[in-house]
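> turn this into a structure:
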Amino acid sequence: MVTNVFGAAMRAFLVWLLIATPSLILTGGAGESSQLVVFFAVLAAVFTFVEYYSSFPSIVEFRFAAPFNRHRFVTIFAIIASLSLVCKGVFQPTALTLTVRHWGDLLGQAIDVPYSPVRLVVLMLHENASVELVEIVRTAAGLAYSISLLSLVIFILLVRVAKWPSKSGAFNVWVNLPLFDPTGGGDVLVRLKRDANINIIFGFLLPFLIPAVVKTATDLVGNLTMDDPQTLIWTMSAWAFLPASMIMRGIAMGRVAEMIEEKRRRAYAQSDATAQAI
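Prediction:
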(Lines give C-alpha, C1' and ligand atoms only; values in the text may rest on other atoms or scores of the structure.)
Protein backbone atom coordinates (compact mmCIF):
# COMPACT_ATOMS: atom_id res chain seq x y z
CA MET A 1 0.00 0.00 0.00
CA VAL A 2 2.83 2.39 0.89
CA THR A 3 4.45 1.65 -2.46
CA ASN A 4 1.21 2.40 -4.31
CA VAL A 5 0.77 5.69 -2.47
CA PHE A 6 4.36 6.74 -3.12
CA GLY A 7 4.21 5.77 -6.80
CA ALA A 8 0.89 7.55 -7.34
CA ALA A 9 2.12 10.65 -5.51
CA MET A 10 5.33 10.75 -7.55
CA ARG A 11 3.41 10.47 -10.82
CA ALA A 12 0.97 13.15 -9.68
CA PHE A 13 3.86 15.49 -8.90
CA LEU A 14 5.46 14.87 -12.29
CA VAL A 15 2.18 15.65 -14.06
CA TRP A 16 1.82 18.83 -11.99
CA LEU A 17 5.39 19.78 -12.92
CA LEU A 18 4.68 19.10 -16.59
CA ILE A 19 1.73 21.49 -16.73
CA ALA A 20 3.41 24.10 -14.56
CA THR A 21 6.73 24.02 -16.47
CA PRO A 22 5.93 26.90 -18.88
CA SER A 23 4.89 29.16 -16.00
CA LEU A 24 7.94 28.15 -13.96
CA ILE A 25 10.36 28.82 -16.84
CA LEU A 26 8.61 31.97 -18.06
CA THR A 27 8.78 33.69 -14.68
CA GLY A 28 7.74 37.26 -15.14
CA GLY A 29 6.63 36.71 -18.70
CA ALA A 30 3.84 34.15 -18.55
CA GLY A 31 1.00 36.65 -18.52
CA GLU A 32 -2.20 36.50 -16.52
CA SER A 33 -2.94 32.84 -17.27
CA SER A 34 -0.71 31.46 -14.49
CA GLN A 35 -3.61 31.02 -12.07
CA LEU A 36 -5.55 28.99 -14.62
CA VAL A 37 -2.45 26.90 -15.32
CA VAL A 38 -2.02 26.16 -11.60
CA PHE A 39 -5.66 25.09 -11.39
CA PHE A 40 -5.33 22.66 -14.31
CA ALA A 41 -2.02 21.40 -12.93
CA VAL A 42 -3.58 20.57 -9.57
CA LEU A 43 -6.62 19.00 -11.26
CA ALA A 44 -4.43 16.81 -13.46
CA ALA A 45 -2.27 15.82 -10.48
CA VAL A 46 -5.32 14.75 -8.46
CA PHE A 47 -6.65 12.70 -11.38
CA THR A 48 -3.25 11.04 -11.86
CA PHE A 49 -2.98 10.17 -8.16
CA VAL A 50 -6.47 8.64 -8.09
CA GLU A 51 -5.86 6.72 -11.31
CA TYR A 52 -2.56 5.18 -10.24
CA TYR A 53 -3.54 4.61 -6.62
CA SER A 54 -6.50 2.51 -7.70
CA SER A 55 -5.88 -1.17 -8.33
CA PHE A 56 -8.41 -1.22 -11.15
CA PRO A 57 -7.97 0.60 -14.48
CA SER A 58 -10.30 3.38 -15.59
CA ILE A 59 -8.89 5.52 -18.43
CA VAL A 60 -5.08 5.36 -18.59
CA GLU A 61 -3.99 2.71 -21.06
CA PHE A 62 -0.93 0.43 -20.82
CA ARG A 63 -0.58 1.13 -17.09
CA PHE A 64 1.20 -2.17 -16.51
CA ALA A 65 3.19 -2.24 -19.73
CA ALA A 66 6.12 0.00 -18.95
CA PRO A 67 7.70 2.05 -20.36
CA PHE A 68 4.89 3.09 -22.75
CA ASN A 69 3.42 5.89 -20.63
CA ARG A 70 6.84 6.94 -19.35
CA HIS A 71 8.03 7.32 -22.91
CA ARG A 72 5.05 9.49 -23.82
CA PHE A 73 5.54 11.59 -20.69
CA VAL A 74 9.21 12.20 -21.49
CA THR A 75 8.22 13.19 -25.03
CA ILE A 76 5.65 15.79 -24.04
CA PHE A 77 7.87 17.07 -21.23
CA ALA A 78 10.78 17.51 -23.64
CA ILE A 79 8.56 19.40 -26.09
CA ILE A 80 7.07 21.71 -23.47
CA ALA A 81 10.40 22.40 -21.75
CA SER A 82 12.16 23.10 -25.07
CA LEU A 83 9.46 25.47 -26.29
CA SER A 84 9.40 27.22 -22.92
CA LEU A 85 13.14 27.84 -23.19
CA VAL A 86 12.71 29.15 -26.73
CA CYS A 87 10.02 31.60 -25.60
CA LYS A 88 12.05 32.68 -22.59
CA GLY A 89 14.98 33.44 -24.85
CA VAL A 90 12.91 36.13 -26.59
CA PHE A 91 12.88 38.43 -23.53
CA GLN A 92 15.61 36.88 -21.35
CA PRO A 93 18.35 35.32 -23.49
CA THR A 94 20.86 33.03 -21.83
CA ALA A 95 23.39 30.53 -23.11
CA LEU A 96 20.87 27.69 -22.71
CA THR A 97 17.95 29.48 -24.35
CA LEU A 98 20.12 30.69 -27.24
CA THR A 99 21.39 27.15 -27.82
CA VAL A 100 17.88 25.70 -27.86
CA ARG A 101 16.72 28.53 -30.13
CA HIS A 102 19.65 27.90 -32.49
CA TRP A 103 18.80 24.21 -32.87
CA GLY A 104 15.13 25.08 -33.23
CA ASP A 105 15.94 27.53 -36.01
CA LEU A 106 17.98 24.91 -37.86
CA LEU A 107 15.29 22.25 -37.53
CA GLY A 108 12.50 24.64 -38.44
CA GLN A 109 14.26 25.87 -41.57
CA ALA A 110 15.15 22.30 -42.58
CA ILE A 111 11.57 21.03 -42.25
CA ASP A 112 9.93 24.20 -43.60
CA VAL A 113 9.49 22.93 -47.14
CA PRO A 114 6.36 23.15 -49.33
CA TYR A 115 3.44 21.04 -48.04
CA SER A 116 5.31 20.07 -44.87
CA PRO A 117 3.54 20.25 -41.49
CA VAL A 118 5.81 23.10 -40.38
CA ARG A 119 5.02 25.11 -43.53
CA LEU A 120 1.30 24.59 -42.89
CA VAL A 121 1.70 25.86 -39.32
CA VAL A 122 3.44 28.99 -40.59
CA LEU A 123 0.71 29.54 -43.16
CA MET A 124 -1.84 29.20 -40.36
CA LEU A 125 -0.76 32.61 -39.05
CA HIS A 126 -2.49 35.78 -40.11
CA GLU A 127 -1.06 37.43 -43.19
CA ASN A 128 -0.25 40.54 -41.14
CA ALA A 129 1.82 38.61 -38.60
CA SER A 130 5.20 40.14 -37.82
CA VAL A 131 8.43 38.62 -39.06
CA GLU A 132 9.51 37.94 -35.47
CA LEU A 133 6.30 36.00 -34.78
CA VAL A 134 6.67 33.94 -37.95
CA GLU A 135 10.24 33.04 -37.02
CA ILE A 136 9.39 32.02 -33.46
CA VAL A 137 6.45 29.92 -34.65
CA ARG A 138 8.62 28.22 -37.28
CA THR A 139 11.28 27.52 -34.65
CA ALA A 140 8.75 26.13 -32.16
CA ALA A 141 7.04 23.98 -34.80
CA GLY A 142 10.32 22.58 -36.12
CA LEU A 143 11.62 21.80 -32.64
CA ALA A 144 8.37 20.20 -31.43
CA TYR A 145 7.90 18.14 -34.60
CA SER A 146 11.51 16.92 -34.54
CA ILE A 147 11.19 15.78 -30.92
CA SER A 148 7.97 13.91 -31.76
CA LEU A 149 9.61 12.19 -34.74
CA LEU A 150 12.62 11.19 -32.63
CA SER A 151 10.26 9.82 -29.98
CA LEU A 152 8.47 7.72 -32.61
CA VAL A 153 11.75 6.26 -33.85
CA ILE A 154 12.79 5.34 -30.31
CA PHE A 155 9.42 3.73 -29.62
CA ILE A 156 9.54 1.69 -32.83
CA LEU A 157 12.99 0.43 -31.81
CA LEU A 158 11.60 -0.35 -28.37
CA VAL A 159 8.85 -2.46 -29.92
CA ARG A 160 10.80 -4.16 -32.68
CA VAL A 161 14.23 -4.57 -31.12
CA ALA A 162 13.48 -4.75 -27.38
CA LYS A 163 10.28 -6.77 -28.05
CA TRP A 164 8.02 -4.59 -25.93
CA PRO A 165 5.90 -5.57 -24.02
CA SER A 166 6.69 -9.30 -23.98
CA LYS A 167 9.74 -8.87 -21.71
CA SER A 168 7.70 -7.13 -19.00
CA GLY A 169 5.68 -10.26 -18.23
CA ALA A 170 2.24 -11.48 -19.22
CA PHE A 171 0.15 -8.85 -20.97
CA ASN A 172 -3.41 -8.43 -19.69
CA VAL A 173 -5.63 -6.80 -22.33
CA TRP A 174 -8.36 -5.77 -19.86
CA VAL A 175 -5.94 -4.06 -17.47
CA ASN A 176 -3.83 -2.33 -20.08
CA LEU A 177 -6.68 -1.41 -22.45
CA PRO A 178 -9.54 -0.46 -20.11
CA LEU A 179 -11.40 1.40 -22.88
CA PHE A 180 -11.26 -1.63 -25.19
CA ASP A 181 -14.02 -4.18 -24.61
CA PRO A 182 -12.82 -7.66 -25.65
CA THR A 183 -16.42 -8.92 -25.52
CA GLY A 184 -17.81 -6.08 -27.64
CA GLY A 185 -18.48 -8.33 -30.62
CA GLY A 186 -16.35 -9.70 -33.39
CA ASP A 187 -12.88 -11.17 -33.30
CA VAL A 188 -10.60 -9.36 -30.84
CA LEU A 189 -7.66 -9.74 -33.21
CA VAL A 190 -9.49 -8.07 -36.10
CA ARG A 191 -10.70 -5.22 -33.92
CA LEU A 192 -7.25 -4.59 -32.49
CA LYS A 193 -5.71 -4.44 -35.95
CA ARG A 194 -8.48 -2.14 -37.16
CA ASP A 195 -8.05 0.25 -34.22
CA ALA A 196 -4.28 0.16 -34.68
CA ASN A 197 -4.55 1.13 -38.35
CA ILE A 198 -7.05 3.92 -37.57
CA ASN A 199 -4.76 5.41 -34.93
CA ILE A 200 -1.72 5.29 -37.19
CA ILE A 201 -3.56 6.84 -40.15
CA PHE A 202 -5.09 9.65 -38.12
CA GLY A 203 -1.80 10.23 -36.32
CA PHE A 204 -0.06 10.66 -39.65
CA LEU A 205 -2.74 13.02 -41.02
CA LEU A 206 -3.29 15.20 -37.95
CA PRO A 207 -0.16 17.40 -38.35
CA PHE A 208 -1.51 18.34 -41.78
CA LEU A 209 -5.19 18.57 -40.84
CA ILE A 210 -4.90 20.61 -37.63
CA PRO A 211 -3.37 23.73 -39.27
CA ALA A 212 -5.95 23.59 -42.06
CA VAL A 213 -8.83 23.29 -39.58
CA VAL A 214 -7.45 26.07 -37.38
CA LYS A 215 -6.92 28.32 -40.39
CA THR A 216 -10.48 27.76 -41.57
CA ALA A 217 -11.90 28.33 -38.09
CA THR A 218 -9.94 31.53 -37.54
CA ASP A 219 -11.04 32.90 -40.91
CA LEU A 220 -14.65 32.39 -39.83
CA VAL A 221 -14.46 33.27 -36.13
CA GLY A 222 -11.33 35.31 -35.55
CA ASN A 223 -7.55 35.28 -35.69
CA LEU A 224 -5.54 32.90 -33.53
CA THR A 225 -2.86 34.93 -31.77
CA MET A 226 0.47 33.33 -30.98
CA ASP A 227 1.88 36.42 -29.31
CA ASP A 228 1.28 34.97 -25.83
CA PRO A 229 4.05 32.49 -24.91
CA GLN A 230 1.65 30.14 -23.12
CA THR A 231 -0.62 29.95 -26.16
CA LEU A 232 2.33 29.27 -28.46
CA ILE A 233 3.79 26.58 -26.19
CA TRP A 234 0.58 24.64 -25.63
CA THR A 235 -0.65 24.96 -29.21
CA MET A 236 2.60 23.70 -30.71
CA SER A 237 2.94 20.99 -28.06
CA ALA A 238 -0.55 19.65 -28.74
CA TRP A 239 -0.01 19.87 -32.51
CA ALA A 240 3.20 17.80 -32.31
CA PHE A 241 2.44 15.42 -29.44
CA LEU A 242 -1.14 14.30 -30.12
CA PRO A 243 -0.37 12.80 -33.57
CA ALA A 244 2.78 11.11 -32.24
CA SER A 245 0.82 9.74 -29.29
CA MET A 246 -1.85 8.33 -31.61
CA ILE A 247 0.78 6.66 -33.78
CA MET A 248 2.44 5.15 -30.71
CA ARG A 249 -0.93 3.89 -29.51
CA GLY A 250 -1.57 2.36 -32.92
CA ILE A 251 1.84 0.68 -32.96
CA ALA A 252 1.25 -0.62 -29.42
CA MET A 253 -2.16 -2.05 -30.30
CA GLY A 254 -0.70 -3.63 -33.41
CA ARG A 255 2.00 -5.22 -31.28
CA VAL A 256 -0.65 -6.60 -28.91
CA ALA A 257 -2.50 -8.03 -31.91
CA GLU A 258 0.72 -9.71 -33.06
CA MET A 259 1.20 -11.26 -29.62
CA ILE A 260 -2.37 -12.62 -29.59
CA GLU A 261 -1.96 -13.98 -33.11
CA GLU A 262 1.31 -15.67 -32.19
CA LYS A 263 -0.26 -17.18 -29.06
CA ARG A 264 -3.16 -18.52 -31.10
CA ARG A 265 -0.78 -20.01 -33.64
CA ARG A 266 1.11 -21.86 -30.91
CA ALA A 267 -2.12 -23.04 -29.31
CA TYR A 268 -3.44 -24.36 -32.65
CA ALA A 269 -0.13 -26.10 -33.37
CA GLN A 270 -0.13 -27.72 -29.94
CA SER A 271 -3.74 -28.81 -30.40
CA ASP A 272 -2.94 -30.37 -33.78
CA ALA A 273 0.08 -32.16 -32.32
CA THR A 274 -2.02 -33.54 -29.47
CA ALA A 275 -4.72 -34.72 -31.88
CA GLN A 276 -2.17 -36.52 -34.07
CA ALA A 277 -0.63 -38.18 -31.03
CA ILE A 278 -4.01 -39.52 -29.98
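
> which helices and strands sit right next to the lengthiest helix in the chain?
Longest among the helix segments of the chain by residue count, using DSSP state H, is helix 229-277. Applying 3 or more C-beta pairs under 8 Å, 6 or more residues apart in numbering; DSSP states H and E, we find helix 229-277 packed against helix 2-25, helix 68-91, helix 131-160, helix 173-176, helix 188-220. C-beta here means a position set from N, CA and C on the backbone, and glycine is covered the same way.

> let me have those helices in CSV, adding mean neighbour count as columns.
Listed next are those as CSV, based on neighbours: other C-beta atoms under 10 Å:
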stretch, mean neighbour count
helix 2-25, 16
helix 68-91, 20
helix 131-160, 20
helix 173-176, 15
helix 188-220, 16
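
> nearest to Met248, out of those?
helix 131-160 (5.2 Å; C-beta to C-beta).

> tell me the angle the closest one makes with helix 229-277.
20 degrees (axes from the mean of the first three to the mean of the last three C-alpha atoms, to 10 degrees).

> and Pro229, how many neighbours?
25 (other C-beta atoms under 10 Å).

> ok, of the helices and strands packed on helix 229-277, where does mean pLDDT dip lowest?
Mean pLDDT is lowest for helix 173-176 among the helices and strands packed on helix 229-277, at a mean of 83.

> neighbouring contacts of that one?
Pro57, Glu61, Phe62, Arg63, Phe64, Ala65, Phe180, Pro182, Val188, Val256, Ile260 (C-beta atoms under 8 Å, 6 or more residues apart in numbering).

> next, the fourth one: secondary structure please.
Spelled out, it's Arg63. With DSSP: H, G, I helix; E, B strand; the rest coil as the basis, Arg63 sits in coil.

> what's the closest non-adjacent residue to Leu18?
Distances taken as C-beta to C-beta, 6 or more residues apart in numbering put Phe77 closest to Leu18, at 5.4 Å, once the chain neighbours are dropped.

> could you measure from the one you found over to Gln270?
For Phe77, the distance to Gln270 equals 45 Å [C-beta to C-beta, to the nearest Å].

> now swap in Tyr52 and tell me
For Tyr52 relative to Gln270 (C-beta to C-beta), the value is 38 Å.

> do you know how far the closest residue to Asn172 other than its chain neighbours is from Gly254?
Leaving aside its sequence neighbours, Asn172 sits nearest to Phe64 (C-beta to C-beta, 6+ apart; 6.9 Å). Going from Phe64 to Gly254 by C-beta to C-beta gives 19 Å.
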